[in-house]
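1. A structural model of the following input is requested.
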Amino acid sequence: MATKKRRRKQNNVVQFNNVIRVNFAVILFFAILVYVAVSAFISMSKETISIYEVRESDINNNFTVTGVALRKETVVNTRKSGYVCYFAREGEKVGSGYGVCAVDETGDIINSISISDNKSYQLTDDDYTAIRDIISLYKTNYTNENFYEVYGFKTNIEDKVFEMSSDILNKTIENESATVKATLEEISTSDSGIILYSTDGYENLSLTTINKNSFDKADYEKTSLKTGDIISSNSPIFKLVTDENWSVVCMIDEAYKERLSELDYITFKLNGSDEMYVSDFSVESKKDGVYLTINLNKYMIEFISERFLNVEIILDRFEGLKVPKSAIVEKEVYTIQEKYINDDNGSYSINVQSTDENGSVVSVDRNIKVYKSVDGIYFVDPEDIESTDVIISVDKKDTIGASLLQTGVVEGVYIVNQGVADFNMVNIIKDGEEFVIVEKEMGLREFDKIVMNSDKVTENQIVY
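-> Residues are numbered from 1 along each chain as shown. Modelled structure (predicted):
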């Protein structure tokens, strides 16, 4: 009985299936992991395509140099000592015999102004605006390298203040007694000209005496004659520029001498102005360098207070679309004679031999893309010509097989505005070191996106 019970217990043992059940989530996870790894590898191994946005720009061969203004200048001295009362404004053109200033020997005129409380002596809003403009211009152009120009800035401010005080002096002198007026020595011009109230030691500088040291701004010193202090006899009191003819002399590199010798006249800008001036010129080689002299008979009053001028010489200027040189790609095209091309106001086609369903030879008109034409030769997109084509001339007298066509090369860029590399021919009008200027109106437009590294792309390739 015991044996039967033991056997029954053994029959109740459950047998488990030894087959491994695969988890679908694990398989999906590993599949995604493999996909990501492969995508990352392909992305890392794939060459990066750079995109450039086309902008309008220009390349020029202009160069900028420092010029020294040479004028016919006469310094006028006073015979007496005293305070100076100025009547003419800086840069004012006056005639011969004009009363520019007066020397107050006793100081009575100056004293009467100092103790006066007349409100009419106050500066106007326009006066303050003029002073602020001088300060703003100096701040805009200031750099640590040209700190020495602070002295010229100080002189300009002082000149402006003294210029504004001329009306006060005139009113005061008119109100004084005849006895006080008798103590004034009025100084008038002996010739017509433009008034200046500063000296700099360059008054006698000429085309024959100018040298390399004349261009050293660091040693340049401009002295204002309007100091407000008492002056001694035989001291400079003002300067008169008596001739409208003047010159701007520049030192240039030897390399520009030959280039300038090809020109009949010179085009230039002064002090960063947008206005371009044209004048005759001369170039002379001296022991210490090459000198360019620009001869002028106008514009002097605009720069009358400037000794040093920033001169930009305009040689060549090319305006167009700025394109990186790396974006330029060459494309091989067919060159086809004019007699094989139908030109309908810029719409081009060719007649190609074909066989119809009856086995007869017929001509088929096919539109083609022409990039350009030079001396009766048309540069045609090869995608529009099949290797087995036989092209018929316009007058039906001649034929030529595609295999006999000559080839040529056109330059262009890949436009990718739509994500596909579309070849567009360009005409380079100026070559630079890293960029070129290409002609407008050739299909490429400002803000178009082009492939910057064209060697990494083929035509019609999907870029993104």
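
2. am I right that residue 65 is in contact with residue 252?
-> Yes. Residue 65 lies in contact with residue 252 (C-beta atoms under 8 Å); the separation is 5.9 Å. In this view, the C-beta of every residue, glycine as well, is placed from N, C-alpha and C.

3. what is in contact with those two at once?
-> Residues touching both residue 65 and residue 252 (C-beta atoms under 8 Å, 6 or more residues apart in numbering) are 292, 313.

4. tell me where the model's unsure across the stretch 1-150 of the chain.
-> 1-23, 39-47, 107-123, 145-149 (pLDDT under 70).

5. okay, which residue is most central for this protein?
-> The chain has residue 58 as the residue nearest its centroid, 7.5 Å off, counting by C-alpha atoms, centre = their mean.

6. excluding covalently adjacent residues, which one is nearest to that residue?
-> Nearest non-adjacent residue to residue 58, counting by C-beta to C-beta, 6 or more residues apart in numbering: residue 319, 4.5 Å away.

7. next, count neighbours for that neighbour.
-> When neighbours are counted by other C-beta atoms under 10 Å, residue 319 registers 15.

8. residue 283 now?
-> Neighbours around residue 283, by other C-beta under 10 Å: 18.

9. and it, what's its pLDDT?
-> For residue 283, the pLDDT comes out at 94.

10. surely it is in a helix?
-> No. Checked against DSSP: H, G, I helix; E, B strand; the rest coil, residue 283 lies outside a helix; its state is strand.

11. show me what contacts it?
-> 252, 257, 260-261, 290-293.

12. got it, and residue 297?
-> Residue 297 neighbours (C-beta under 8 Å, 6+ apart): 244-246.

13. and the least confident of these?
-> When the contacts of residue 297 are compared by pLDDT, residue 244 scores lowest at 90.

14. confirm that that residue sits in a strand.
-> No. Per three-state DSSP, residue 244 lies outside any strand segment and is coil.

15. next, count neighbours for it.
-> 16.

16. surely it meets residue 298?
-> Yes. With contact defined as C-beta under 8 Å, residue 244 reaches residue 298; the gap is 6.8 Å.

17. span of stretch 246-266 from start to end?
-> With C-alpha to C-alpha, to the nearest Å applied, stretch 246-266 spans 16 Å between its terminal residues.

18. so how far is stretch 457-464 from its chain's centroid?
-> 34 Å (C-alpha atoms, centre = their mean, to the nearest Å).

19. now swap in stretch 320-333 and tell me
-> Centroid separation for stretch 320-333 versus its chain: 22 Å, with C-alpha atoms, centre = their mean.

20. now stretch 293-300
-> 24 Å.

21. also stretch 365-384?
-> 38 Å.

22. follow-up on the earlier one: compare the contacts of residue 283 and tell me which is most surrounded.
-> Neighbour counts for the contacts of residue 283 (other C-beta under 10 Å) peak at residue 292, which has 22 neighbours.

23. and the helix or strand hosting residue 411, what does it pack against?
-> Taking DSSP states H and E as the definition, residue 411 sits inside strand 406-415. Strand 406-415 sits against strand 329-337, strand 370-374, strand 377-380, strand 422-425, strand 449-451, with contacts defined as 3 or more C-beta pairs under 8 Å, 6 or more residues apart in numbering; DSSP states H and E.

24. most tightly packed of those strands?
-> Sort the helices and strands packed on strand 406-415 by mean neighbour count, taking mean count of other C-beta atoms under 10 Å, and strand 449-451 sits at the top with a mean of 22.

25. other SSEs contacting that one?
-> So strand 449-451, by 3+ C-beta pairs under 8 Å, 6+ apart, packs with strand 51-53, strand 406-415.

26. and those strands, which is most packed in?
-> strand 406-415 (a mean of 18).

27. pLDDT of that one, averaged?
-> When pLDDT is averaged over strand 406-415, the result is 96.

28. and it, C-alpha only, in PDB?
-> The C-alpha coordinates for strand 406-415 follow below in PDB (Å, rounded to 0.1, in the frame of the first residue of the first chain):
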ATOM      1  CA  GLN A 406      33.700  70.400 -78.900                       C
ATOM      2  CA  THR A 407      33.600  71.000 -75.100                       C
ATOM      3  CA  GLY A 408      34.300  74.000 -73.000                       C
ATOM      4  CA  VAL A 409      34.100  75.100 -69.400                       C
ATOM      5  CA  VAL A 410      31.900  77.600 -67.600                       C
ATOM      6  CA  GLU A 411      32.200  78.700 -64.000                       C
ATOM      7  CA  GLY A 412      29.300  78.800 -61.500                       C
ATOM      8  CA  VAL A 413      28.000  78.000 -58.100                       C
ATOM      9  CA  TYR A 414      25.500  75.500 -56.700                       C
ATOM     10  CA  ILE A 415      22.300  77.300 -55.500                       C
END
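
29. show residues contacting that strand.
-> 323, 327-335, 371-372, 377, 379, 421-426, 428, 444, 448-451, 454, 457, 459.

30. one more time with 7 Å
-> 323, 327-335, 371-372, 379, 421-426, 428, 444, 448, 450-451, 454, 457 (C-beta atoms under 7 Å, 6 or more residues apart in numbering).

31. same thing with stretch 355-375?
-> Outside stretch 355-375, the residues that touch it by C-beta under 7 Å, 6+ apart are 333, 348-354, 378-381, 384, 392, 410, 425.

32. ok, of these, which one's closest to residue 31?
-> Nearest to residue 31, judged by C-beta to C-beta, of these is residue 381 at 45.1 Å.

33. the nearest residue to that closest one once chain neighbours are set aside and residue 379, how far apart?
-> Distances taken as C-beta to C-beta, 6+ apart place residue 369 nearest to residue 381, at 4.0 Å, with adjacent residues excluded. Applying C-beta to C-beta, to the nearest Å, the value for residue 369 to residue 379 is 10 Å.
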